[in-house]
Every structure is written in C-alpha cells, then in structure tokens.
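Colleague: Give me the fold of what follows.
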Amino acid sequence: MGDLARRINPDSSLHLCLDMQRLFGPGGPWATPWLERVLPLIVLLVEHAPARTVFTRFMPPPTPAQARGMWRPYFEKWSNVTLNEIEASMLELMPALQRYAPPATVIDKPAYSAFSAPELLTFLLSKRVTTLIITGAETDVCVLATILGAVDRGFRVIVASDALCSSADESHDALLDLYRKRFDVQVELACTVEILESWRPT
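Modeller: Numbers count the residues shown, from 1 in each chain. Coordinates of the predicted model:
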C-alpha cells in the first residue's frame, strides 16, 4: 500500500485543506505559481468526502496597528492585504472549491497554523478525528506550521505530497525530504491516488 502505514479510517479522518484562497491564486497579491496545478487534485479529495473536509482561510487584521507582536511589522510591510485595503473577494476560497462549503466547514485563522484558530481543535475533537489529511498552500509556511501543530497534538498526519503548493520549489522539496527523514514516525507522505484508494470503508 505504498508509503501509508495502514488504511485510512473514514470515520476518524478529515481532510484539512489550507488557504486555497484567491489571495494566493492568479492575480492575487500573494499568488502562488503552482496553485492552479494542484487544485484539481485537491478537488478530487474534497469530492471524495466533502462533509469530512475543513477549509481554512488566512484572515489578516483590519489594519497593521491591530496586529499583535511581530505581526504588526509584517502587516506594515503587507498593508495592501489588510482587511481595510484588500478586495474582500480575495479572501474567498478558489471558485472551484466554493461549491463544496457546505457541507465542508470553513474556519478562519489569524496566523500560519490552522491551530491558531482555537475552534479547529474543538471541531476535530467533537468529530472524534484522529487522522488529518493535509493539502493546500503554502508548503513552507502555513502547511509547515499546521503539520507541526498536528504532530504536537498527537494526530496521525498524512500529507498529500502532490496536492501542496509553494512559491519556492527548493524549500518545497526540502520540506518533503525533511518529513520523510526526520518525521517518518509521525508524518506520512502519499500521493492523492494512494490516499483515495486507502480512504474507503473496509
């Protein structure tokens, strides 16, 4: 069964899709070059179990002055993406994903990790989720922070290696290599097809 340690239990697994927003799409201020390339694979995973999908959206503060700590100079640099400046539609999911929510759940987060939104962990525990299948943007920022947060909280983490996107090929490749070598007990990498074949009732 490839790189997966065991089958994916459909009753305790959930697809966590990170920040597939117009913000990171073509024409967005943080356009990620290969977002469109991985989008069809993410759609396949969402279609498989839309009610077992959570989409996160990165939500900036209204102004840089309302950001906390070192997020303030960050949003001073990127003031064009604060809520008072950016076109609201840029914060929405990519059009190909919007029709799945609902039944998919949308959770907004203020920082890189999906777990920076406290309601995410509450939601996962309420659904008795033990396995997270992770896709989305960007491999070396929000995906990285979320994977480490999920590992810290004891979740089985399955990374859809062909359904991630980044602005930098070098750091994307380096992180996949890091997961294979350094986090091999806690992080599993698999392609979308392998995940779909495993993520079915026995």
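Colleague: list the contacts for residue 116?
Modeller: The contact partners of residue 116, by Cβ atoms under 8 Å, 6 or more residues apart in numbering, come to 109, 110. Every residue, glycine included, has its C-beta placed from N, CA and C.
Colleague: mind checking how far it is from residue 109?
Modeller: With distances taken as Cβ to Cβ, to the nearest Å, residue 116 is found 5 Å from residue 109.
Colleague: Run me through the strand neighbours of the longest strand seen in the chain, direction for each.
Modeller: Secondary structure of the chain per DSSP state E: the longest strand is strand 156-165. Strands flanking strand 156-165 in the sheet, each with its direction: strand 131-137 (parallel), strand 187-190 (parallel) (DSSP bridges).
Colleague: got the ones you listed as a markdown table, with mean pLDDT and distance to residue 43 columns?
Modeller: What follows is the strands paired with strand 156-165, written out as a markdown table (pLDDT from 0 to 100; distance: least, Cβ to Cβ, whole Å):
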| stretch | mean pLDDT | distance to residue 43 |
| --- | --- | --- |
| strand 131-137 | 98 | 10 |
| strand 187-190 | 97 | 17 |
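Colleague: among those strands, which is nearest residue 199?
Modeller: Comparison of the strands paired with strand 156-165 against residue 199 by Cβ to Cβ identifies strand 131-137 as nearest, at 7.3 Å.
Colleague: next one: the closest one to chain centre, how far?
Modeller: On the basis of Cα atoms, centre = their mean, to the nearest Å, strand 131-137 sits 5 Å off its chain's mean C-alpha point.
Colleague: Just the buried positions in the helix or strand bottoming out on mean pLDDT in the chain, please.
Modeller: Between all helices and strands in the chain, the lowest mean by mean pLDDT, DSSP states H and E belongs to helix 169-182, at a mean of 91. Neighbour-count burial for helix 169-182 flags 171, 172, 175, 176, 179 (criterion: 16 or more other Cβ atoms under 10 Å).
Colleague: With stretch 102-115 instead?
Modeller: 104, 105, 106, 107, 109, 112, 113, 114, 115.
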